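A.B. asks: Dropping a prediction and its sequence here:
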Amino acid sequence: MVIYETINKINGNRYIGKDSKNDPEYLGSGTLLKRAFVKHGKENFVKSILDHCETIEELNEKEIHWIEITDAVNSKIYYNIAKGGAGGDCISGLSPEKYAKYVEACSARMMGEKNSFYEKTHTAANKKKMSFPGESNPRHGIKVTEETKSRQSISAKGRYTLQWFIERYGEEGEIKYKVRCKRLSDRKLKGENNPSYRHVDKDELTNLIKTTKMNLHQLCEHFNVGSTAMYGKFKRYYNCKNLKQVKAIL
């Protein structure tokens, strides 16, 4: 059982992980790391051993230790997004920059043709069915009691305040509170002021759609944006919902 560090030979970025089988071929399975494998090629990564362990408990403890002393979760040169150990929350402790990368990597898995609902639309009948109108709604005719309202109100009071985070997470509470405030602040920023903003030139996009057979996934990769952002460009530039409609008017 070992704690290892996988190093990207191209840019020097790293990943700290644990391997209970000490398999020399295993380089890690982190979300951002796997994305880097695709981008740079797995052959451009090398694995080095940082520590040896005798038990699973020791393995988990040492993984946490190595990730902490390198500050891998917050560092720009590490692919780690979780604090290690037996598992748990791998999102709330991320820096805004790594959180944006994590979201982008997750969305890429369902981007374009990978999405089972790619270029499909709901029928009017399905939309009506999903809206659960009238008696088809499982909560039709059910009223929330005053007791329930009071209980919900009490449980919601003080939630996500600094004190709430400190009571819930201890010493890390203040850091988690600041990270959450920063994310909420970033979400309100519009256009190029938003750190997650990706510019897509309208003329270039139009030319690619007209002169190539690129699908949605390929267009997203070309401009380095997610499918949601690209759909937003379709709406803004062409007043269309999807690529099929855009092609029809160009």
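C.D. replies: Cool, got the structure.

A.B. asks: what's the following helix or strand after the worst-scoring helix or strand of the chain on mean pLDDT?
C.D. replies: Ranked by mean pLDDT, DSSP states H and E, the helix or strand of the chain with the weakest confidence is helix 96-109, at a mean of 66. Moving toward the C-terminus from helix 96-109, the next helix or strand (DSSP states H and E) is helix 124-130.

A.B. asks: Give the buried residues for that following helix.
C.D. replies: Buried residues in helix 124-130, defined by neighbour count with 16 or more other Cβ atoms under 10 Å: none. For the C-beta atoms, the positions are set from N, CA and C on the backbone; glycine is no exception.

A.B. asks: downstream neighbour of it in the secondary structure list?
C.D. replies: Immediately after helix 124-130, counting by DSSP H and E, sits helix 146-156.

A.B. asks: what's the neighbour count on Phe37?
C.D. replies: Phe37 has 19 neighbours, counted by other Cβ atoms under 10 Å.

A.B. asks: Give me the mean pLDDT for the helix or strand where it lies.
C.D. replies: Under the criterion of DSSP H and E, Phe37 resides in helix 31-40. Averaged over helix 31-40, pLDDT sits at 88.

A.B. asks: Now do the next helix or strand after it: everything it contacts.
C.D. replies: The helix or strand immediately downstream of helix 31-40 is strand 45-52, counting by DSSP H and E. Strand 45-52 is contacted by residues 1-9, 16, 24, 26-27, 36-37, 62, 66 when judged by Cβ atoms under 8 Å, 6 or more residues apart in numbering.

A.B. asks: Stretch 236-245 too?
C.D. replies: Outside stretch 236-245, the residues that reach it (Cβ under 8 Å, 6+ apart) are 119, 121, 202, 205-206, 209, 215-216, 219, 231, 234-235, 246, 249-250.

A.B. asks: Pick the one among the residues you listed closest to Arg183.
C.D. replies: Checking these against Arg183 by Cβ to Cβ gives Tyr231 as the nearest, at 22.3 Å.

A.B. asks: got the contact list for that closest one?
C.D. replies: 241-242.

A.B. asks: That one - that's part of a helix, no?
C.D. replies: Yes - checked against DSSP: H, G, I helix; E, B strand; the rest coil, Tyr231 lies within a helix.

A.B. asks: among the contacts of stretch 236-245, which are in strands?
C.D. replies: With strands defined by DSSP state E, no entry of the contacts of stretch 236-245 lies inside them.

A.B. asks: can you tell me which of those residues lies nearest to Tyr177?
C.D. replies: Tyr231 (32.9 Å).

A.B. asks: Run through the residues that contact Trp164.
C.D. replies: Gly158.

A.B. asks: after the host helix or strand of it, next one along is what?
C.D. replies: Following DSSP H and E, one finds Trp164 within helix 162-169. Per DSSP H and E, the first helix or strand lying C-terminal to helix 162-169 is helix 173-188.

A.B. asks: name the helices or strands packed onto that following helix?
C.D. replies: Applying 3 or more Cβ pairs under 8 Å, 6 or more residues apart in numbering; DSSP states H and E, we find helix 173-188 packed against helix 96-109, helix 162-169.

A.B. asks: pLDDT score assigned to the residue lying closest to Leu250 once chain neighbours are set aside?
C.D. replies: Distances taken as Cβ to Cβ, 6 or more residues apart in numbering put Lys210 closest to Leu250, at 5.3 Å, once the chain neighbours are dropped. Predicted confidence (pLDDT) for Lys210: 92.

A.B. asks: Outline the domain layout of this protein.
C.D. replies: Domains of the chain are assigned by automatic domain parsing as 2-89, 91-118+145-197, 202-249.
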